[in-house]
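> I would like the atomic coordinates for the input below:
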Amino acid sequence: MKLIGLALLFVLINCGTPQKKTPSSSESNNEKVIISSEPKTEKPEEKPTLPNGAVTAHFTSGTLPYYGYVQNVDKRKGETTIAFENNKAPLLKIPKTYGAKLEVLTFPEFKSDLLLVTAQLKDPIFNKYFLYVLKNGGWQPVVNGFALHKSHVNDTLVPITVDPEKPGHMFRYYSVFDLDEESELGYTWRLFNESIPIQNQ
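Okay, the predicted model is just below:
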């Protein structure tokens, strides 16, 4: 009798314990797995900031381009200093000038790009132009400097270029003072041009 009672007790205990529910395949597929992670934001590649008024060019033949910029203007001394990216070219100091604007000129007659400097003079009614080429480790003038009266400067006038009719020459404009009785001032500034030999190429 004791054995029968123990057997009945065992059956009753098993019947009263709920079975663990095994999820069906459809239920397990509907379960969502959420992984919290912060979204990755890619930072844009930072480009180097060029100094104000800088120009970039192939100043040195066969190398990557680099920039040049006006580093300092000493108005007391009257000198403009032009520097270049990471000292890839020597400093260029222009005396008797009070600031400058830089441009790049490219001609097939030259192996490298040229640096055109439009310099401010003490007399504000003139611009003086200097054209340089980097040669033998230094800045050499392509031609000697020349001045233009500001009344002659406009958007269409190209102050200097290679002379297509004379190999080895540059064609440039310049201003000349001239007495003029018909002018209210008694004088005028006239615009001339000339073809001159290239000093350094």
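
> Please save the CA atoms from stretch 108-121 in PDB.
Only the C-alpha atoms of stretch 108-121 are listed here, as PDB (Å, rounded to 0.1, in the frame of the first residue of the first chain):
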ATOM      1  CA  PRO A 108      54.700  76.600 -72.800                       C
ATOM      2  CA  GLU A 109      58.000  78.400 -73.300                       C
ATOM      3  CA  PHE A 110      58.800  77.900 -69.600                       C
ATOM      4  CA  LYS A 111      59.300  74.600 -67.800                       C
ATOM      5  CA  SER A 112      57.700  75.900 -64.600                       C
ATOM      6  CA  ASP A 113      55.000  78.400 -63.600                       C
ATOM      7  CA  LEU A 114      55.800  82.000 -63.200                       C
ATOM      8  CA  LEU A 115      55.000  84.300 -60.300                       C
ATOM      9  CA  LEU A 116      53.500  87.700 -61.200                       C
ATOM     10  CA  VAL A 117      53.600  90.100 -58.300                       C
ATOM     11  CA  THR A 118      51.500  93.300 -58.600                       C
ATOM     12  CA  ALA A 119      53.100  95.500 -56.000                       C
ATOM     13  CA  GLN A 120      51.700  98.600 -54.200                       C
ATOM     14  CA  LEU A 121      54.000 101.600 -54.400                       C
END
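
> and the closest residue in space to residue 106 that isn't next to it in sequence, backbone torsions?
Nearest non-adjacent residue to residue 106, counting by Cβ to Cβ, 6 or more residues apart in numbering: residue 113, 5.2 Å away. Every C-beta, even on glycine, is put in place using the N, C-alpha and C of the backbone. Main-chain torsions, residue 113, degrees, to the nearest 10: phi -70, psi 150.

> dump the residue contacts of residue 113.
57-59, 104-106 (Cβ atoms under 8 Å, 6 or more residues apart in numbering).

> I appreciate the help and will end here.
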